[in-house]
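Enquirer: my questions concern the predicted model and sequence given below.
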Amino acid sequence: MYLQNMGVVVAVVLVALIAWVVVGYNRLVRLRNQVANGWKQIDVQLKRRHDLIPNLASAVKGALEFEQDTLEKVIAARDRAASAHGVEQSAAAENALTKALRQLVAVVESYPELRGTENVLRLQEELTTTENQIGFSRQHYNDLVMRFNTLQEVFPANLIAEVFRFTPAEFFAVAESERETPSVDLSLRSQA
C-alpha cells in the first residue's frame, strides 16, 4: 500500500513538474513572439517615415538654397536608416535620422514662405504623426523586451530559459550622443 501511494505521489509530482515546464516554456515563447511583433510594428512606421522624407525634401529643396547641406544630411541619414538591419543598427541609424530631421524642421520653420506652403505643411503634419506613432511603437516594443528579458532572469523561469536557450532581446534605445538638443545655425541665411 505504501509503495502504491508513493508511486501516485511521484506521478503527481512528475506531472506537475512537466506542466510547470510546459507553461513556463509557452510563456517565454509567447513573449518572444510579442517582441518580434512589436519590432515589426516599429518597422512599418519606419518605412512610412522613410517614404515621407523624400517628398518633404523635394517640397522644400528649391526654397532652401542656403541649406543644401541640411537636405543632403537628411537624405543620407534616411538612406542609412532604410538599409539598416537589426534592432541595434536600426536604432543607431534612426536616431541619426531623427537628429537630421529636427534640423530640417527647424530650418523650414525659419522660412515663412515654406511654412505657408500647403504641401510642406501637410508633409510636416504626416511626418509628425508618424514620429508620434514610432514613439508609441518603440515604447510598446521596449515594454515587451523588458518583460521578456525579466522573465528569463527570474527564478524559476530562468531555468526553463536556460535549458531551451532563450536569449535576451535588444532594447530600441537612444544613443547617448543623440540625447542632446540639436542646434541649428542660420547665420548664413541672415547674412544673405
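Expert: Alright, I've got the coordinates.

Enquirer: what residues are up against F166?
Expert: L28, R32, Q152, I160 (C-beta atoms under 8 Å, 6 or more residues apart in numbering). Glycine gets a C-beta too; all of them are placed from N, C-alpha and C.

Enquirer: what about 6 Å?
Expert: L28, Q152 (C-beta atoms under 6 Å, 6 or more residues apart in numbering).

Enquirer: which non-adjacent residue is nearest the residue most central in space within the chain?
Expert: By C-alpha atoms, centre = their mean, the chain has its centre lying nearest to R138, at 4.2 Å. Distance criterion C-beta to C-beta, 6 or more residues apart in numbering; nearest residue to R138, sequence neighbours excluded, is F172 at 5.0 Å.

Enquirer: what residues of stretch 23-38 count as buried?
Expert: Across stretch 23-38, burial judged by 16 or more other C-beta atoms under 10 Å covers G24, Y25, L28, L31, R32, Q34, V35, G38.

Enquirer: tell me the two of those that are most distant?
Expert: G24 and G38 (21.2 Å; C-beta to C-beta).

Enquirer: quickly find the element holding the closest residue to I160 other than its chain neighbours.
Expert: Excluding its sequence neighbours, the residue lying closest to I160 (C-beta to C-beta, 6+ apart) is G24, at 4.1 Å. Secondary structure assignment for G24, by DSSP states H and E: helix 2-61.
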